[in-house]
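**Q** A predicted structure for the sequence below; I have some questions about it.
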Amino acid sequence: MDLAAERSLLLQRDAEWAAAASAGRDLERVLSYWTDDAIVMPPGLPAVIGKAALREYVRASMNIPVEQPFRLFKQLGPHVKRIGVIYNSARTGYLVKRAQAVAREEGLELVTRPITSPKEVVAALESLQDGIDALWILPDETILSQAVIQQMLLFSYRRKIPVLGLSDRHAQMGAVFALSFASGLDIGRQAGELAHAILAGRAVADVPYTTARKVDLTVNLKAAQKLGLENSTDVHRRVSAVLTYLRSERSGV
């Protein structure tokens, strides 16, 4: 085997993958660099096995650090203690497990409702009616159709419960706020940095769990007013301040 040629090919594939990631949210193009039986072993987390599981893993990696939603929810006031999530354990169980640990660190509780089909969302929402103070939309394909998002937003308005979405589109639809990754280019750059570190000899087990380091915040002030938040402009100011702090924290400023 020509090791130099193999290394060159790996670096070429790495560059192609980084370019695909930096182009935006084209999940299928990014996933095309893995085989159907591929296995990814994130440090400190269960192995991600197979293309379907990898699709959700990549989708999640393109989103925001799990600490940020909880710190933003806390800015809505001390009454926000229990955060509801609906998810498919086969797709985002690893993310929920991590989020539960972070919620405890922040003095909050993650109230979970696992489902296996979008048809189960209504029943899951009904079971959450009197048990949560806010609702968080996870990057889980099971719940991301427009019809399901609309069901969650309708629940939000009926119960006067704020929703955190995944994109500015969710905020436009009625979520009080949304966090999304800000730079496809930087996602690709992050992927390249990790790949180069491994190729340079760093043990995979030593590579930290990684999420997007540049994020965007969208606040729907009209939605905040409709939900009766005391001062929607102040909500925008406070969550923006938290996001600025977290950005500087992750960049080492």
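**A** Cool, the structure landed. Small disclaimer: the values here were computed from a predicted structure and weren't measured.

**Q** For the chain, just list every one of the strands.
**A** For the chain, the strands defined by DSSP state E cover 39-40, 48-49, 82-87, 109-114, 134-136, 163-165, 177-181, 215-219.

**Q** and those as TSV, adding distance to residue 65, mean neighbour count and mean pLDDT?
**A** For the C-beta atoms, the positions are set from N, CA and C on the backbone; glycine is no exception. Output for those, formatted as TSV (distance: least, C-beta to C-beta, whole Å; neighbours: other C-beta atoms under 10 Å; pLDDT from 0 to 100):
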stretch	distance to residue 65	mean neighbour count	mean pLDDT
strand 39-40	19	14	78
strand 48-49	18	16	78
strand 82-87	15	23	96
strand 109-114	15	18	97
strand 134-136	13	25	95
strand 163-165	13	26	92
strand 177-181	9	24	75
strand 215-219	8	19	74
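
**Q** Tell me which of those sits nearest to residue 99.
**A** Among these, strand 109-114 comes nearest to residue 99, with 5.6 Å by C-beta to C-beta.

**Q** Okay, angle between the closest one and strand 82-87 too, please.
**A** Relative orientation of strand 109-114 and strand 82-87, computed by axes from the mean of the first three to the mean of the last three C-alpha atoms, to 10 degrees: 20 degrees.

**Q** Adjacent strands (with direction) for strand 109-114?
**A** strand 82-87 (parallel) (DSSP bridges).

**Q** I'd like the strands of the chain as TSV, with distance to residue 76 appended.
**A** Shown next, in TSV, are the strands of the chain (distance: least, C-beta to C-beta, whole Å):
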stretch	distance to residue 76
strand 39-40	35
strand 48-49	33
strand 82-87	11
strand 109-114	15
strand 134-136	7
strand 163-165	10
strand 177-181	9
strand 215-219	11
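
**Q** And residue 9, how far from residue 1?
**A** Distance of residue 9 to residue 1, computed by C-beta to C-beta, to the nearest Å: 11 Å.

**Q** These two: who's more crowded?
**A** For residue 9 versus residue 1, neighbours defined as other C-beta atoms under 10 Å are more numerous around residue 9 (11 against 5).

**Q** Convert stretch 113-131 to CSV, retaining C-alpha atoms only.
**A** Extracted in CSV, the C-alpha atoms of stretch 113-131 (Å, rounded to 0.1, in the frame of the first residue of the first chain):
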residue,chain,number,x,y,z
ARG,A,113,-41.7,12.7,25.7
PRO,A,114,-40.3,10.0,23.3
ILE,A,115,-42.2,9.2,20.1
THR,A,116,-41.6,7.0,17.1
SER,A,117,-43.9,8.8,14.6
PRO,A,118,-45.2,12.3,13.8
LYS,A,119,-48.7,10.9,14.5
GLU,A,120,-47.8,10.7,18.2
VAL,A,121,-47.0,14.4,18.6
VAL,A,122,-50.5,15.6,19.5
ALA,A,123,-50.8,13.0,22.3
ALA,A,124,-47.3,13.9,23.5
LEU,A,125,-48.2,17.6,23.6
GLU,A,126,-51.4,16.9,25.5
SER,A,127,-49.4,14.9,28.1
LEU,A,128,-47.2,18.0,28.6
GLN,A,129,-50.1,20.5,29.0
ASP,A,130,-49.7,21.3,32.7
GLY,A,131,-46.1,20.1,33.3
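
**Q** i'd like the first residue to be 54 from this point on
**A** In the new count, where the first residue is 54, that last one comes out as stretch 166-184.

**Q** thinking again about what came up before, nearest to residue 204, of the strands of the chain?
**A** strand 135-140 (9.9 Å).

**Q** got the contact list for that closest one?
**A** Contacts of strand 135-140 with the rest of the structure, by C-beta atoms under 8 Å, 6 or more residues apart in numbering, involve 122-123, 126, 146, 148-149, 152, 156, 161-168, 174, 177-178, 181, 184-189, 191, 193, 195-196, 205, 214.
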